[in-house]
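**Q** Here is a sequence together with a model predicted from it:
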Amino acid sequence: MSDQSDIVELPAIPADAPEWVRALPSNGRFVDRSKLYDITGHLLFDSLLNSNGIRHFFYFMNNEQQAQRAQRAFNGVLTSPLSPTHDDTINNDDLEVRVAFHLGEGICGHKGIVHGGLTATMLDEVSGAAAFSCVGPCFTANLNVDYVKPLIIPAWVLVRAHVERHEGRKVIIHGTVENGEGVVYAKATALFIKPKLTVKEHAGQTEEKQ
């Protein structure tokens, strides 16, 4: 594997993490998103990643093929966007992203319970990664969250998101927040849209108007 690869070996998972977390590397590939794009100012990497907030988070994809596709998508060199069901290399069923989050005690809404806004943020982040894997850089157009039960912290949770369908520049994503053992805390459906302009071009237009 090239030293320049964006697919890296999984960093050490804490020894006291639940068994389902420690088992994740055996059935997925870890993607280091910090190598895929500039993370300066990123909400998770810059603001929430600390011992009292989000202590750790690990991105997994189903297989090497999907991880390589994600790499091409994030780098803007995705050669063939998916048809509504599949392309010649991967299908929607394979386009799932899983992220294990270790949540600290400083992200509450009600005392001892994760703030609903953070739950939505995690779902948006992971759903976005799944959408990016499908069409490349895109934006959240709609995010609907159903809160199933309170998420007590500190805790490890697994956020899963998969591509339900793809229609042109639109990607429909389904996501869940669960405990890795089948208990579901929240569910979401999201719509992401690939812009006609690149993200960089959008940012440039905004700067020009200021």
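**A** Looks like it came in fine.
**Q** what's the neighbour count on the closest residue to residue 39 other than its chain neighbours?
**A** Distance criterion CB to CB, 6 or more residues apart in numbering; nearest residue to residue 39, sequence neighbours excluded, is residue 45 at 4.3 Å. Every residue, glycine included, has its C-beta placed from N, CA and C. Residue 45 has 14 neighbours, counted by other CB atoms under 10 Å.
**Q** again with residue 147
**A** Should you count by other CB under 10 Å, residue 147 turns out to have 14 residues around it.
**Q** which residues does it contact?
**A** Residues near residue 147 by CB atoms under 8 Å, 6 or more residues apart in numbering: 116, 119, 185, 186.
**Q** circling back: could you pull up phi and psi at the residue nearest to residue 39?
**A** When read as degrees, to the nearest 10, the backbone of residue 45 gives phi -70, psi -40.
**Q** Which positions in stretch 149-156 come out as buried?
**A** Across stretch 149-156, burial judged by 16 or more other CB atoms under 10 Å covers 151, 153, 156.
**Q** Contacts made by that stretch with the rest, please.
**A** 17-18, 21, 55, 100-105, 107-108, 110, 112-114, 119, 157, 177, 179-180, 183-186.
**Q** make it 6 Å
**A** Stretch 149-156 is contacted from outside by 18, 21, 102, 103, 104, 105, 113, 114, 185, using CB atoms under 6 Å, 6 or more residues apart in numbering.
**Q** gap between the first one and residue 176?
**A** Computed with CB to CB, to the nearest Å, the distance linking residue 18 and residue 176 is 17 Å.
**Q** So for these two, which sits in the more crowded spot?
**A** A direct count of neighbours by other CB under 10 Å for residue 18 and residue 176 places residue 176 higher, at 19 against 16.
**Q** Run through the residues that contact the more buried one.
**A** By CB under 6 Å, 6+ apart, the neighbours of residue 176 are 160, 184, 187.
**Q** can you put the residues you listed in a markdown table and add distance to residue 31, neighbour count and secondary structure?
**A** What follows is the contacts of residue 176, written out as a markdown table (distance: CB to CB, whole Å; neighbours: other CB atoms under 10 Å; DSSP: H, G, I helix; E, B strand; the rest coil):
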| residue | distance to residue 31 | neighbour count | secondary structure |
| --- | --- | --- | --- |
| 160 | 15 | 20 | strand |
| 184 | 24 | 13 | strand |
| 187 | 24 | 16 | strand |
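**Q** three-state assignment of the most centrally placed residue in the chain?
**A** Centroid-nearest residue in the chain: residue 126, 2.1 Å away (criterion: CA atoms, centre = their mean). For residue 126, the assignment made with DSSP: H, G, I helix; E, B strand; the rest coil gives helix.
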